[in-house]
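Participant: Curious how this folds, go ahead:
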Amino acid sequence: MMMSFSEAQEESSRVLPPSLIVNDAPMVRRLKDLEPVLYDASVCRDLGPELPLYTIYRTLWTDDKERGVLERHGLRYDVTDMPSLVLGEEHVKTFGHEHLDSGAWSHPELFEILEGEARFLLQRYHGEEVVDVLVVVAREGDVVLVPPRCGHVMINASPNRLIVGNLISRYCVQIYRRFIERRGGAYYLLRGGRLVRNENYSSLPEVRTISAEPCDFAEKGLGLLASFARRPELFRFLNGLYDSPQYSRSG
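Facilitator: Residues are numbered from 1 along each chain as shown. Take a look at the predicted model:
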């Protein structure tokens, strides 16, 4: 569902850093949109299918110069606003997706926590098989790298609002097939921090939980956009122009 432009401006003024320019109405994901990937789909009836879960503001920048640099490097910056909600037993989350795989490579993605605390469920594939599952806990100021060939879900398991920015290639294509076919990610995060295996996956490794680690290419305290503006060449890996950081360094 799309807001009107005036509604988008009013809402964004309460959520986004004041320096960011909003040009398009955001997308609101509602409970009915996530029904295919929920731990318990009956919550759609109990809570109401129109319940807003999160809002996505796409293609943001701080000024025209930054817009031009982002476009020249084939990147875009988005922000997601997710309130604290529990859907039955499950914490609120994004739908989950992976990026189109060319057979040799797929686009990585960078996330930064602007407010709150996030958990990123990362599942790495070899063919159709999930060979590694990682939960990265990230707090305000942290940056998380989603490497190539990783499905990912963002979860707000905290009592506070979550606002997250992401830097990604403009050419990246999001794929939802496996998440729809298997009714979500490899694990569900429920009340009390319980991670429950999704039985629609034939076999799964044990999940590992880590805290986000510093990234060499994002200067602490500056944020992704300011770090990119200072040294855009360090972010060329988002379009595969040289090797991306290793999977073990994600987060």
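Participant: so after the worst-scoring helix or strand of the chain on mean pLDDT, what's the next helix or strand?
Facilitator: Ranking every helix and strand in the chain by mean pLDDT, DSSP states H and E puts helix 5-15 at the bottom, with a mean of 52. Later in the chain than helix 5-15, the nearest helix or strand by DSSP states H and E is strand 27-30.
Participant: any idea of the mean pLDDT for that next one?
Facilitator: Strand 27-30 comes out with an average pLDDT of 94.
Participant: Next, work out how far apart the spatially most central residue of the chain and L224 are.
Facilitator: Central residue of the chain (C-alpha atoms, centre = their mean): M154, 5.1 Å from the mean position. Distance, M154 to L224, using C-beta to C-beta, to the nearest Å: 15 Å. Placement of C-beta: from N, CA and C, glycine included.
Participant: Helix or strand: which one has L53?
Facilitator: Per DSSP H and E, the secondary structure element for L53 is strand 52-57.
Participant: just checking, what packs against that strand?
Facilitator: helix 5-15, strand 27-30, strand 75-82 (3 or more C-beta pairs under 8 Å, 6 or more residues apart in numbering; DSSP states H and E).
Participant: how about it: buried residues?
Facilitator: L53, Y54, T55, Y57 (16 or more other C-beta atoms under 10 Å).
Participant: Can you lay out those as a markdown table showing distance to A104 and pLDDT?
Facilitator: Putting the buried residues of strand 52-57 into a markdown table (distance: C-beta to C-beta, whole Å; pLDDT from 0 to 100) gives the following:
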| residue | distance to A104 | pLDDT |
| --- | --- | --- |
| L53 | 35 | 96 |
| Y54 | 32 | 96 |
| T55 | 35 | 94 |
| Y57 | 32 | 92 |
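Participant: which one of these sits closest to D81?
Facilitator: The shortest approach to D81 among the buried residues of strand 52-57 belongs to T55, at 4.7 Å (C-beta to C-beta).
Participant: my guess is that closest one meets T94, correct?
Facilitator: No. T55 is not in contact with T94 according to C-beta atoms under 8 Å; the separation is 11.4 Å.
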